[in-house]
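Chemist: here is my input; please provide its structure:
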Amino acid sequence: QVQLVESGGGLVQAGDSLRLSCVVSGGTFDRYIMAWFRQAPGKERDFVAAISWIIDSRSTRYADSVKGRFTISRDNTKDTVYLQMNSLKSEDTAVYYCAADPSVAVRTTATPYDYWGQGTQVTVAS
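Modeler: Presented below is the predicted three-dimensional model:
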């Protein structure tokens with residue numbers, strides 16, 4: 001059984017930074033596309049960032065709203081994916097979810113992702 005556990009959320013001020021972590025167990029982490037999504041109250045779950053597992057590529061994709069501020073990375077030795085969030089804004093407030101997709105293409109919609117964590121709350125005070 002594949003399990004994803006996020007951590008690192010919290011309450012910060014606008015302009016601060018946070019790093020989220022997601023540890024994957026029970027699966028083949030180095031063959032998963034890994035992604036972060038977020039969901040604000042009353043809104044849809046939105047794509048934030050994703051990273052490939054392909055060694056020579058390690059391609060990443062970002063939502064326009066976080067480009068230049070957020071960085072996704074992975075450590076296959078620790079079965080962990082990270083989301084470094086800098087210059088946080090109040091509109092970044094949401095529950096952040098980690099997701100895994102056992103495929104080869106980096107995708108930005110939620111449907112292809114088979115495995116999900118429980119989420120971690122990020123609140124940015126303005």
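
Chemist: can you tell me which residue is spatially central in this structure?
Modeler: For the chain, Trp36 is the residue whose C-alpha lies nearest the centre (Cα atoms, centre = their mean; 2.2 Å).

Chemist: list the contacts for that residue?
Modeler: Leu20, Cys22, Val48, Ala49, Ala50, Ile72, Val81, Leu83, Tyr96, Tyr97, Cys98, Ala99 (Cβ atoms under 8 Å, 6 or more residues apart in numbering). The way it works is simple: take the backbone N, C-alpha and C, and place the C-beta from them, glycine included.

Chemist: same check, this time on Ser59
Modeler: Residues near Ser59 by Cβ under 8 Å, 6+ apart: Ile51, Ser52, Val106.

Chemist: need the pLDDT of it.
Modeler: You'll see Ser59 listed with a pLDDT of 85.

Chemist: also the one 10 residues further on?
Modeler: Each residue has a pLDDT score; the one for Arg69 is 98.

Chemist: please apply the same query to Arg107.
Modeler: 92.

Chemist: now Ser103
Modeler: Taking Ser103 on its own, its pLDDT is 87.

Chemist: thought it was touching Tyr115?
Modeler: No - counting by Cβ atoms under 8 Å, Ser103 does not reach Tyr115; the two are 11.9 Å apart.

Chemist: and stretch 53-70, what's buried?
Modeler: Neighbour-count burial for stretch 53-70 flags Trp53, Arg61, Tyr62, Ala63, Val66, Phe70 (criterion: 16 or more other Cβ atoms under 10 Å).

Chemist: pick out the most distant pair among these.
Modeler: Using Cβ to Cβ, the buried residues of stretch 53-70 reach their maximum pairwise distance at Trp53 and Val66, which is 21.0 Å.

Chemist: part of a strand, is Glu91?
Modeler: No - under DSSP: H, G, I helix; E, B strand; the rest coil, Glu91 falls outside any strand and is assigned helix.

Chemist: do you know how far it is from Ala14?
Modeler: Glu91 sits 10 Å away from Ala14 when distances are taken as Cβ to Cβ, to the nearest Å.

Chemist: mind listing the shared neighbours of the two?
Modeler: Shared contacts of Glu91 and Ala14 (Cβ under 8 Å, 6+ apart): Val124.
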